[in-house]
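1. Give me a model of this one.
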Amino acid sequence: MRIRTISKHTAQALAEGGLIALLVVGAMAGTAFAGKPGSGTTTSSFRVDDGVHAGTTTAYQGSSGAVWVHASCYQNGSLVFEDWRTYSGGTATIALGPTPNWTSGAADCTAEEGSFARNNRWRVSGATTFHAAAS
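-> Okay, here's the model as predicted:
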């Protein structure tokens with residue numbers, strides 16, 4: 001009976017370890033396919049130019065159904081900037097700080113374009129990365 005219990009626990013631990021390994025590999029693959037900052041690698045023709053802290057950058061609409069741009073910037077893995085902008089004539093201008101959490105320095109940024117469904121759920125139609133250099 002005890003050997004059966006040990007075998008069962010060992011099998012469960014191996015299954016959990018395998019699941020964790022798959023999740024880690026999936027997360028790494030997702031990061032690898034996200035593209036380099038400012039590379040314009042996207043899930044549509046949506047792109048955002050690299051910018052400079054305390055300056056502006058431009059987002060270019062990639063999907064005709066996209067209405068909003070959601071930009072977020074990070075320093076050392078911490079969110080320091082977040083903004084929502086609407087398109088006007090196929091572009092949106094994003095002011096890159098400063099914010100209370102981003103007073104200086106460079107940041108790695110992500111952007112999504114999309115729209116809100118009837119249930120106020122955010123629907124992404126394109127995503128990209130870009131870089132904000134130190135001013």
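2. residues of the biggest strand by length in the chain that come out buried?
-> Secondary structure of the chain read by DSSP state E shows that its longest strand is strand 122-133. By 16 or more other Cβ atoms under 10 Å, the buried positions in strand 122-133 come out as 124, 125, 126, 127, 128, 129, 130, 131, 132. Every residue, glycine included, has its C-beta placed from N, CA and C.
3. and what of stretch 102-113?
-> In terms of neighbour count (16+ other Cβ under 10 Å), stretch 102-113 has its buried residues at 102, 107, 108, 109, 110, 111, 112, 113.
4. any idea how the protein splits into domains?
-> 1-33, 47-133 (automatic domain parsing).
5. most packed of those?
-> domain 47-133 (a mean of 17; mean count of other Cβ atoms under 10 Å).
6. what is the mean pLDDT for it?
-> Domain 47-133 carries an average pLDDT of 97.
7. can you give me the end-to-end distance of it?
-> Using Cα to Cα, to the nearest Å, one end of domain 47-133 lies 17 Å from the other.
8. Quick check: the residue nearest to residue 67 when sequence neighbours are not counted vs residue 128, distance?
-> Distances taken as Cβ to Cβ, 6 or more residues apart in numbering place residue 115 nearest to residue 67, at 4.6 Å, with adjacent residues excluded. Distance from residue 115 to residue 128, counting by Cβ to Cβ, to the nearest Å: 17 Å.
9. so residue 122 sits right up against residue 70, yeah?
-> Yes - using Cβ atoms under 8 Å, residue 122 makes contact with residue 70 at a distance of 7.5 Å.
10. And the strands in this structure, which stretches?
-> Secondary structure of the chain (DSSP E): strands at 47-48, 51-52, 56-60, 68-75, 78-86, 91-95, 107-116, 122-133.
11. contacts for stretch 80-91?
-> Contacting residues not belonging to stretch 80-91 are listed as 58-61, 66-74, 92-97, 99, 101-102, 107, 109, 113 [Cβ atoms under 8 Å, 6 or more residues apart in numbering].
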